[in-house]
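Participant: one predicted model, sequence on top.
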Amino acid sequence: MLWRLLRRQVRPYRLLFVVVAMFQVISSLATLYLPTVNAAIIDDGVGFDTFEHPLGGDEMGGYGLLSMAERAEIVGGRLNIRSRPGTGTTVTATIPVP
């Protein structure tokens, strides 16, 4: 019964799990063969206007994207954010491997 309940709760997110698992594998292989690691997070939420709020901000309800961009820059990487209202958001991080 618990297994059936878990499957019912996880089913809507299985594509997200597959995408995250795929990026984990790619990230692991990248550390072996490439000088950078690229990771992307994709969602199909409400999105936002990147021209008005390039990194989110207090008006958007937090500083998460700004914090992620700062952390990527600290280690020599970069964060790319693509979003439009009504289409969701894609966040891509490129981090060099030391």
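Facilitator: Noted; the coordinates are in hand. What you see is a predicted model; the values in this text were computed from it and never measured.
Participant: low-confidence stretches in the protein?
Facilitator: Low-confidence segments of the chain, defined by pLDDT under 70, span residues 1-3, 5-6, 9-16, 30-31, 34, 50-63.
Participant: ranges for the helices of it?
Facilitator: 2-10, 14-33, 64-74 (DSSP state H).
Participant: just the residues contacting the longest one, thanks.
Facilitator: In this case it means helix 14-33. Counting by CB atoms under 8 Å, 6 or more residues apart in numbering, the neighbours of helix 14-33 from elsewhere in the structure are 10, 36-40, 42-43, 97. In short, each C-beta sits where N, CA and C put it, glycine included.
Participant: give me the contact list for stretch 69-89.
Facilitator: By CB under 8 Å, 6+ apart, the list of residues contacting stretch 69-89 from outside reads 36, 42-50, 54-55, 65, 68, 90-96.
Participant: restricted to strands, list the contacts of helix 14-33.
Facilitator: Secondary structure of the contacts of helix 14-33 is defined by DSSP state E; positions in strands are 36-40, 42-43.
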